[in-house]
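Engineer: The sequence and its predicted three-dimensional model are supplied below.
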Amino acid sequence: MLKAYTKPTPVSKAITRTGTEETIRGWIHRKRTVGGKIFITVRDRTGVVQCVVDKSVIGEKLWSVLDKAYLESSLLLRGVVKKDDRAPNGVEMEASDVLLVHSGEQFPITEYQSAEFLLDVRHLWLRSQRMISAMKARSYLFRYLREFLDKQSFYEITPPIITVSGGETGANLFKLEYFDRKAYLTESSQLYAEAMIYSLEKVYSFAPSFRAEKSRTVKHLAEYWHLEPEMAYFNNATNMKLQEKLVSSVANRMAKENDGILKFFNVDPESLLRIKPPFKRISYDSAIELLQQKGSTKKWGEDFGVDEERLLTEDEDKPIFVYNMPKELKAFYMPINPKDPRTVLCADMLAPHGHGEIIGGSEREWRLEPLLERMKEMKMNIDNYKWYLDLRRYGSVPHAGFGLGVERILKWMLNLDHIRDAIPFPRMINRLVP
């Protein structure tokens, strides 16, 4: 007799063991009754399998209980796995015993629900095959990013989330009360990562960042996961080389190890296998010229939005870099370009086919006086950055780093329409629950 804690065989393994009796555990994904048989599609975290429950085999009492069970009811099922070309995966299980763990209430999600409703019941929509596949890919992406940097002799660090210092411009911060003081949720861990390079030389943080931007685009989140490496003795050129190696590595691994997930999203794994260094590099000046040739009215000194990023990458099959942006568009810590003082030594990586910016990186101004001058020019509160300025007073070295948005990378790799499907519980301007 089945018990709730009977050790099961994962569905993905059970469907390969035709001719054997297996026990599986999962949830009712689909169900239909035909005569004296119930056809149940059972899902677990590894996959789905069709199971046939025959009234004459399991008895009328248990069959009746299963017949009334709702979708997403939890159960254990034992039976022989057999080949059947009509079934999903080409196999089905003929049940000899079933334990209904919990039937619960009627599941509220049916076909053709609105995006807003699915966000309202996100805690339940995460059970869908679409979200299961996306969340698996997200987990793999986290693993691949860490493993790449670990092999490059980086140390992972754990910076604070609560801060009084803004990482980028100091604007668009979420305010909070910190006992009797005003504080903020961090928009970047970069400044703290910079402090760590003087002891560990190559470091990265992997943590949430928060941006209070009132944006409703398909690529913006108020809370997102931010990978931020920082490296001593790197410049803009070596910074870009590391970025393209990192992105190529994770794209290739996603294609080699998870082609089933990619195909679920109608992504050809070969498109990610072709992601190899070097990536195209174009200056901001050249990007403006290209945009104008394509009919854009964008002028020098203006930032790029969704339309401009699409125009720049619509014909590309790999990410590209746009480097040396106007200083007015970038953060205080980026050094002035000595060849063109209107710009700074930075580079943004844009994903192909209009998916937009996925990485922002730059050299860091490592000299005290130019950094102070830039901060005063931007009318920043110097007192909040005294500790950061100390880094330039004691053994400073040239360095560079970048920030990678995990959800943006995943949106590109899975060709998602909206970034909200790249994170379990999206936080956007109009979305705080569940």
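Structural biologist: Right, received. Where do you want to start? Numbers count the residues shown, from 1 in each chain.
Engineer: Show me the shaky parts of this protein.
Structural biologist: Residues of the chain meeting the criterion pLDDT under 70: 166-171.
Engineer: How is it divided into domains?
Structural biologist: If you go by automatic domain parsing, the domain ranges for the chain are 11-102, 120-422.
Engineer: Mind putting the ones you listed into TSV with mean neighbour count?
Structural biologist: In short, each C-beta sits where N, CA and C put it, glycine included. Supplementary listing: the domains of the chain in TSV, determined by neighbours: other CB atoms under 10 Å:
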stretch	mean neighbour count
domain 11-102	17
domain 120-422	18
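Engineer: Now render the ones you listed as JSON lines, adding distance to T110.
Structural biologist: Converted to JSON lines, these look like this (distance: least, CB to CB, whole Å):
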{"stretch": "domain 11-102", "distance to T110": "9"}
{"stretch": "domain 120-422", "distance to T110": "11"}
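Engineer: Show me the one of those domains that comes nearest Q113.
Structural biologist: Of all the domains of the chain, the one in closest proximity to Q113, counting by CB to CB, is domain 120-422 (8.3 Å).
Engineer: Quick check: end-to-end length of the closest one?
Structural biologist: From its first residue to its last, domain 120-422 covers 16 Å (CA to CA, to the nearest Å).
Engineer: residues contacting the closest residue to I28 other than its chain neighbours?
Structural biologist: The shortest distance from I28 to any residue other than its chain neighbours is 4.8 Å, reached at S73 (CB to CB, 6 or more residues apart in numbering). Shown here is S73, whose contacts under the criterion CB atoms under 8 Å, 6 or more residues apart in numbering are 27-28, 100-104.
Engineer: wait, which of those residues is closest to F148?
Structural biologist: When the contacts of S73 are compared against F148 (criterion: CB to CB), the nearest one is W27, at 34.7 Å.
Engineer: residue contacts, that closest one?
Structural biologist: By CB under 8 Å, 6+ apart, the contact set of W27 is 42-44, 72-75, 127.
Engineer: before we move on, the earlier item: next step: the contacts of S73 restricted to strands.
Structural biologist: Under the assignment DSSP state E, the contacts of S73 contribute 27-28, 100-102 to strands.
Engineer: got the CA positions of the helix or strand hosting E230 in PDB?
Structural biologist: Assigned by DSSP states H and E, E230 belongs to strand 223-232. Listed in PDB are the C-alpha atoms of strand 223-232, where the atom choice follows Å, rounded to 0.1, in the frame of the first residue of the first chain:
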ATOM      1  CA  GLU A 223      13.800  44.500  -7.800                       C
ATOM      2  CA  TYR A 224      16.100  42.400  -9.800                       C
ATOM      3  CA  TRP A 225      19.100  40.100  -9.300                       C
ATOM      4  CA  HIS A 226      22.400  41.800 -10.100                       C
ATOM      5  CA  LEU A 227      25.800  40.100 -10.800                       C
ATOM      6  CA  GLU A 228      28.600  42.700 -10.200                       C
ATOM      7  CA  PRO A 229      32.200  41.700 -10.700                       C
ATOM      8  CA  GLU A 230      35.000  44.100  -9.900                       C
ATOM      9  CA  MET A 231      38.600  43.700 -10.900                       C
ATOM     10  CA  ALA A 232      41.900  45.300  -9.900                       C
END
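Engineer: and the end-to-end length of stretch 97-113?
Structural biologist: One end of stretch 97-113 to the other measures 35 Å (CA to CA).
Engineer: Equivalent analysis for stretch 275-290, please.
Structural biologist: Using CA to CA, the end-to-end distance of stretch 275-290 comes out at 23 Å.
Engineer: Ok, stretch 352-372 next?
Structural biologist: Its first and final residues considered, stretch 352-372 spans 37 Å by CA to CA.
Engineer: Also stretch 60-76?
Structural biologist: 18 Å.
Engineer: what's the answer for stretch 271-283, then?
Structural biologist: One end of stretch 271-283 to the other measures 26 Å (CA to CA).
Engineer: Then stretch 397-417?
Structural biologist: Using CA to CA, the span of stretch 397-417 from its first residue to its last is 42 Å.
Engineer: Packing partners of the strand holding E230?
Structural biologist: On a contact count with 3 or more CB pairs under 8 Å, 6 or more residues apart in numbering; DSSP states H and E, strand 223-232 meets helix 129-151, helix 190-200, strand 202-210, helix 236-257, strand 399-405, helix 406-413.
Engineer: That strand - which strands sit beside it in the sheet, and in what orientation?
Structural biologist: If you go by DSSP bridges, strand 223-232 pairs up with strand 202-210 (antiparallel), strand 399-405 (antiparallel).
Engineer: Please confirm that Y388 is located within a helix.
Structural biologist: Yes - assigned with DSSP: H, G, I helix; E, B strand; the rest coil, Y388 falls within a helix.
Engineer: That one reaches S165, doesn't it?
Structural biologist: Yes - taking CB atoms under 8 Å as the contact criterion, Y388 and S165 are neighbours in contact, 6.6 Å apart.
Engineer: and for the two, which residues touch both?
Structural biologist: Counting by CB under 8 Å, 6+ apart, the shared contacts of Y388 and S165 are L191.
Engineer: just checking, H353 is part of a strand?
Structural biologist: No - using three-state DSSP, the secondary structure at H353 is coil, not a strand.
Engineer: Identify the bridge partners of M231.
Structural biologist: When bridges are assigned using DSSP bridges, the partners listed for M231 are K202, A400.
Engineer: From I382, how far out is it?
Structural biologist: With the distance defined as CB to CB, to the nearest Å, M231 ends up 26 Å from I382.
Engineer: Could you export the helices and strands packed on strand 223-232 to JSON lines, including columns for distance to R17?
Structural biologist: Compiled in JSON lines, the helices and strands packed on strand 223-232 are given as follows (distance: least, CB to CB, whole Å):
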{"stretch": "helix 129-151", "distance to R17": "22"}
{"stretch": "helix 190-200", "distance to R17": "48"}
{"stretch": "strand 202-210", "distance to R17": "38"}
{"stretch": "helix 236-257", "distance to R17": "23"}
{"stretch": "strand 399-405", "distance to R17": "41"}
{"stretch": "helix 406-413", "distance to R17": "32"}
